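[1] Here's a sequence, model it:
(2 chains)
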Protein chains: 2
Amino acid sequence: MNQFDNLKEVQIASEEIYDGVILHVCKDTVTLPNGKTARRELIRHVGAVGIVPLTDDGKVIVERQYRYPLDMVITEIPAGKLDSKNEDRLEAAKRELREETGITADEWIEMGVYYPAAAYTDEKITLYLAKGLHFGEQQLDEDEFLNIEAVPLETLVEEVLSGKITDGKTQVAILKADKII
Amino acid sequence: MNQFDNLKEVQIASEEIYDGVILHVCKDTVTLPNGKTARRELIRHVGAVGIVPLTDDGKVIVERQYRYPLDMVITEIPAGKLDSKNEDRLEAAKRELREETGITADEWIEMGVYYPAAAYTDEKITLYLAKGLHFGEQQLDEDEFLNIEAVPLETLVEEVLSGKITDGKTQVAILKADKII
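    So this is what the prediction gives:
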């Protein structure tokens, strides 16, 4: 017996509640470890990537972006969704970085996986550190608005620790990048 | 003019798509900075807390919990939802820690806010470090299943950096706790 067999749930039904542009909401029925039945509400997500683009003089290119659910402009690393579930994640990271910031990079280092909210979404974000940067033209969608800024990595680390940076993937990516480089 | 006025979106309509037990899904209409109209899909969430319970000998009490959206048992810090939007967050943290692990603590240190997925949810998790622990009886719900374990903080830091720990709030909380203590 696996040491976690006492925890596992088994799907017995799945109902689609909403099939939106970004959000795909399901209500599933599962069997619990004690044999009883329970409901599970969840968001199915295509997956995403996030990138820490680090300049030769130790600055990170970050975005200031308005986030409607929070009604706030927050500081984030460049990030974006996969085009499809099976898209190569490194290729997606290169595309998102180029589109949002105009940057291409010589060196890509994978920094692991970030699950934002395991209780209710299967979204998986793979994080990358990008070095050897070349700067070009942004290619934003017509309806995409964000400001780009270069901030010293050590300043961003301080802002994560002081609570000024609140975006989860950015907190993880900045603290990991600081440990790796 | 505020430096971020070029980024803000203004709500002009909100439609409830699904009012579930955990997930409350809305489809809103907004005016973009360029005057055009766009749709925003989002999850409204009551809010949550997460706790790093640290023993006198440098171990953290963590949970191994099956997460249905990921079909995986993952390592997480104790955490839970607020009972209501206006519940005091520190009180909620004390309640969740007691219920899930049986632990009460003499000292509570706030470690800032974690937004798991600012693109599509307003969920806000406040993180705490709890010290001076007293161990009692777990009070799990009948249908709640999780294993508790005491793991050295330094081991958890290594597991975040190596990619073994993938839960976002746990990654942030462990790396922050390591910097603070």
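
[2] okay but A:Met111 is in contact with A:Ile51, surely?
    No: using C-beta atoms under 8 Å, A:Met111 is not in contact with A:Ile51; the gap is 9.5 Å. For glycine as for every other residue, the C-beta is placed from the backbone atoms N, C-alpha and C.

[3] Looking at those two, which has the bigger crowd around it?
    Ranked by neighbour count (other C-beta atoms under 10 Å in any protein chain shown), A:Met111 and A:Ile51 place A:Ile51 first, with 28 against 20.

[4] Touching, that one and A:Glu76? I think so.
    No: in this structure A:Ile51 lies outside contact range of A:Glu76 using C-beta under 8 Å: 10.6 Å.

[5] Work out for me the element the residue of chain A most remote from its centre sits within.
    Most distant from the centre of chain A: A:Gly35, at 35.0 Å, with distances by C-alpha atoms, centre = their mean. Assessed by DSSP states H and E, A:Gly35 sits outside every helix and strand.

[6] ok, so what distance separates it from A:Asn6?
    Computed with C-beta to C-beta, to the nearest Å, the distance linking A:Gly35 and A:Asn6 is 12 Å.

[7] do A:Ala130 as well
    Distance from A:Ala130 to A:Asn6, by C-beta to C-beta: 42 Å.

[8] Of the two, which one has the most company?
    Higher neighbour count among A:Ala130 and A:Asn6: A:Ala130, with 24 against 15, using other C-beta under 10 Å.

[9] Could you tell me what pLDDT the model assigned to the residue most central in space within chain A?
    Nearest residue to the geometric centre of chain A (C-alpha atoms, centre = their mean): A:Ile125, 4.0 Å. We have a pLDDT of 98 for A:Ile125.

[10] Contact partners for it?
    Taking C-beta atoms under 8 Å, 6 or more residues apart in numbering or on different chains, we find A:Ile125 in contact with A:Gly47, A:Ala48, A:Val49, A:Gly50, A:Ala79, A:Val113, A:Tyr114, A:Tyr115, A:Pro116, A:Lys169.

[11] What's the local residue count around the closest residue to the fourth one other than its chain neighbours?
    Just to be clear, that refers to A:Gly50. Leaving aside its sequence neighbours, A:Gly50 sits nearest to A:Ala79 (C-beta to C-beta, 6 or more residues apart in numbering or on different chains; 3.9 Å). Using other C-beta under 10 Å, A:Ala79 has 23 other residues around it.

[12] Likewise for A:Asp88?
    Using other C-beta under 10 Å, A:Asp88 has 10 neighbouring residues.

[13] The one 3 residues further on too?
    For A:Glu91, the number of neighbouring residues by other C-beta under 10 Å comes to 12.

[14] what's the spacing between it and chain B?
    For A:Glu91, the distance to chain B (C-beta to the nearest C-beta, to the nearest Å) stands at 20 Å.

[15] which regions of chain A lie under the pLDDT threshold?
    A:1-3 (pLDDT under 70).

[16] Swap in 50 and give it another go.
    Scanning chain A for pLDDT under 50 picks out the ranges A:1.

[17] which residue ranges form the helices in chain A?
    A:89-101, A:153-162, A:168-180 (DSSP state H).

[18] how about the ones you listed, which one is nearest B:Ile61?
    If you check each of the helices of chain A against B:Ile61 by C-beta to C-beta, helix A:168-180 wins as the nearest, at 21.3 Å.
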